[in-house]
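1. what follows is a protein structure lacking sequence information:
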């Protein structure tokens, strides 16, 4: 059986939501590192090196940390600059570096926990007007509000955690 493209479901962009939905998304973002940690708990090195489509579980963990570091920086740029153009990165090349292919996932899990704690602190301090601020994405040619970015990165964490869970279930781990 081929691994599904989106085991957590297709991303449905959200933007114009209000404070109640935002609070849910922030809570989901706060819980994401623990969910990923639980998904990889007890896996051996050989299991961490099992592929889900094009990346191993190990690479997925490192990718989530890399991606969310970039997301946090994008939020900071957007809060301190007028509609900045963000710098995209080659996530596939980052995931192909030796530290992502062979590195200890404990470091990325710790990074995610600290990063998300800091990110949640930032998000909880933001005003409605700040969530409406936006950045330009040069690859897609779109303008993305911080409201939309929050929803996207919450889905991103769920998406990759679901990939790990799918592999575990598939192999009976």
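-> That came in fine, so what should we check first? Because the structure is predicted, anything quoted here is derived from the model rather than measured.

2. and the closest residue in space to residue 122 that isn't next to it in sequence, what does it touch?
-> Among residues not flanking residue 122 along the chain, residue 75 sits closest, at 6.5 Å (CB to CB, 6 or more residues apart in numbering). C-betas here are computed from N, CA, C, even on glycine. The neighbourhood of residue 75, defined by CB atoms under 8 Å, 6 or more residues apart in numbering, consists of 119, 122-123, 146, 149.

3. how far does the longest helix seen in the chain sit from its chain's centre?
-> Across the chain, the longest stretch assigned as helix under DSSP state H is helix 146-171. When distances are taken as CA atoms, centre = their mean, to the nearest Å, helix 146-171 is centred 7 Å away from the chain's centroid.

4. what residues of that helix count as buried?
-> Judged by neighbour count using 16 or more other CB atoms under 10 Å, the buried positions of helix 146-171 are 146-168.

5. could you say which helix or strand holds the residue lying closest to residue 150 once chain neighbours are set aside?
-> Closest residue to residue 150 apart from its sequence neighbours, by CB to CB, 6+ apart: residue 25 at 5.3 Å. In the assignment (DSSP states H and E), residue 25 maps to helix 19-40.

6. let me know the average pLDDT across that helix.
-> Averaged over helix 19-40, pLDDT sits at 98.

7. quick one: work out the angle between that helix and helix 146-171.
-> Going by axes from the mean of the first three to the mean of the last three CA atoms, to 10 degrees, helix 19-40 is angled at 30 degrees with respect to helix 146-171.

8. for helix 19-40, which helices and strands make contact with it?
-> helix 57-80, helix 105-125, helix 146-171 (3 or more CB pairs under 8 Å, 6 or more residues apart in numbering; DSSP states H and E).

9. TSV for these, including mean pLDDT?
-> Compiled in TSV, the helices and strands packed on helix 19-40 are given as follows (pLDDT from 0 to 100):
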stretch	mean pLDDT
helix 57-80	98
helix 105-125	98
helix 146-171	98
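
10. pLDDT score for residue 13?
-> For residue 13, the model assigns a pLDDT of 88.

11. my read: it touches residue 149, true?
-> No - look at residue 13 against residue 149 with CB atoms under 8 Å: they stay out of range, at 10.0 Å.

12. quick one: contacts of stretch 43-58?
-> Outside stretch 43-58, the residues that touch it by CB under 8 Å, 6+ apart are 3, 5, 40, 60-61, 63, 92, 95, 100-103, 105, 163-164, 166-168, 171, 173.

13. stretch 105-117 now?
-> Residues from elsewhere that reach stretch 105-117, judged by CB under 8 Å, 6+ apart: 29-30, 32-34, 36-37, 40, 48, 58, 61-62, 64-65, 68-69, 72.
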